[in-house]
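Undergrad: just a sequence and a predicted model for now, questions to come.
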Amino acid sequence: MIWVPILLGTFKIAVFGTGMFFAIKWHHDQGKKKKAEARRAQAAAERAADAADAADAADKR
């Protein structure tokens, strides 16, 4: 009967290890998603600024 706690302990470690892996992966993916979103917003702002500069330059001609 000594095998029962060994088996259950191994199962517990496997379950918690898998849960920790997916928790870390989820947080990592959320960080990547936020960085990409910020990069996309910054690129859109830069395009808008470039378009405004181009419009100003066209008005001055």
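TA: Alright, I've got the coordinates. Residues are numbered from 1 along each chain as shown.
Undergrad: what mean pLDDT does the helix or strand where A23 lies get?
TA: Per DSSP states H and E: A23 is located in helix 3-60. For helix 3-60, mean pLDDT is 87.
Undergrad: which other helices and strands does that helix contact?
TA: If you count contacts as 3 or more Cβ pairs under 8 Å, 6 or more residues apart in numbering; DSSP states H and E, helix 3-60 packs onto no helix or strand. Glycine gets a C-beta too; all of them are placed from N, C-alpha and C.
Undergrad: chain center to that helix, what's the gap?
TA: 1 Å (Cα atoms, centre = their mean, to the nearest Å).
Undergrad: from now on call the first residue 10
TA: Fine by me, first position is 10 from now on; the one you just mentioned is helix 12-69.
Undergrad: for I11, what are phi and psi?
TA: phi -70, psi -20 (degrees, to the nearest 10).
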